[in-house]
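1. Give the three-dimensional model of this entry:
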Amino acid sequence: MKVSLFVTCIGDRFYAEASADAVRLLRSLDVEVDFPMGQTCCGQPAWNSGHLPEARRMAEHTLAVLKDAEYVVLPSGSCAAMLRCTYPHLLGRRELSDRSYELAQFIVDILGVHELGRGLEGRRLAYHHGCHALRELGVREQPEQLLRSGGAELVPWEMDQECCGFGGLFSVKTPEVSTAMADRKLDTLPAAETIVSADGGCLLQLESRARYRGLNLEFRSLASTLWEARRGSP
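-> Residues are numbered from 1 along each chain as shown. Purely as a prediction, here's the structure:
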């Protein structure tokens with residue numbers, strides 16, 4: 001099976017190691033992974049701003065760059081939702097959308113892998129469900145299943161499915177509301193050592209507020225955490 005990794009803008013700029021961990025993880029599952037060098041932004045910021053011609057040009061470019069991919073895998077629920085859910089409306093066709101998946105969704109639903117290894121034994125994790133992965137892609141059980149099967153204890157978090165307040169442009173246009181939403185999530189966080197999420201934007205949002213407030217928390221991408229589970233297996 002062959003996969004093209006769509007690394008995303010935030011992954012490229014802020015979570016390069018997580019993107020590399022996604023490649024390591026997929027290759028350990030006997031998936032052939034390539035990285036088309038022509039890839040750029042998926043167009044979501046332009047789409048959210050109402051700049052439809054610009055968003056459409058980016059989508060057409062992405063479609064051309066990934067036209068030969070058997071599957072496209074993204075370590076981001078937000079950008080995966082853009083390809084799967086928004087591109088059909090933007091482009092009027094589904095030729096790329098039906099081949100594009102968020103990482104945990106691809107591992108569980110396409111590869112049929114439900115356990116990666118036991119490298120997370122003894123870890124207490126809280127999982128944040130990003131809005132796009134949860135509400136647009138319907139990805140909920142897959143990441144939790146993989147984390148638990150890796151030996152992690154997922155602590156109950158009453159607000160694990162509530163928005164972190166990032167929302168891309170939302171955090172820029174309404175920073176006071178955005179900050180309050182992040183603080184509300186952190187105020188309800190149970191005793192956990194690490195917060196994990198599939199979305200880099202959510203991690204940036206929550207980690208910045210945690211640092212500002214002096215909270216001693218670790219923030220890790222889902223890709224890196226799943227690779228930790230995998231590489232720790234016999």
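
2. What segments of the chain are strands?
-> With strands called from DSSP state E, the chain shows them at 2-5, 32-34, 71-74, 100-102, 124-128, 153-154, 194-197, 218-221.

3. do you know which of these lies nearest D160?
-> Closest to D160 of the strands of the chain is strand 124-128 (CB to CB; 5.9 Å). In short, each C-beta sits where N, CA and C put it, glycine included.

4. so how far is the closest one off the chain centroid?
-> 14 Å (CA atoms, centre = their mean, to the nearest Å).

5. Partner strands of that strand and their direction?
-> Here strand 124-128 has these sheet partners by DSSP bridges: strand 153-154 (parallel), strand 194-197 (parallel).

6. list the buried ones in that strand?
-> Neighbour-count burial for strand 124-128, counted by 16 or more other CB atoms under 10 Å, picks out 125-128.

7. Give me the helices and strands touching the helix or strand bottoming out on mean pLDDT in the chain, please.
-> In the chain, the helix or strand scored least confidently by mean pLDDT, DSSP states H and E is helix 169-173, which has a mean of 82. When contacts are defined as 3 or more CB pairs under 8 Å, 6 or more residues apart in numbering; DSSP states H and E, helix 169-173 sits against helix 44-49, helix 175-187.

8. Could you export these as a markdown table, including mean neighbour count, mean pLDDT and distance to V33?
-> Putting the helices and strands packed on helix 169-173 into a markdown table (neighbours: other CB atoms under 10 Å; pLDDT from 0 to 100; distance: least, CB to CB, whole Å) gives the following:
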| stretch | mean neighbour count | mean pLDDT | distance to V33 |
| --- | --- | --- | --- |
| helix 44-49 | 18 | 92 | 23 |
| helix 175-187 | 16 | 94 | 33 |
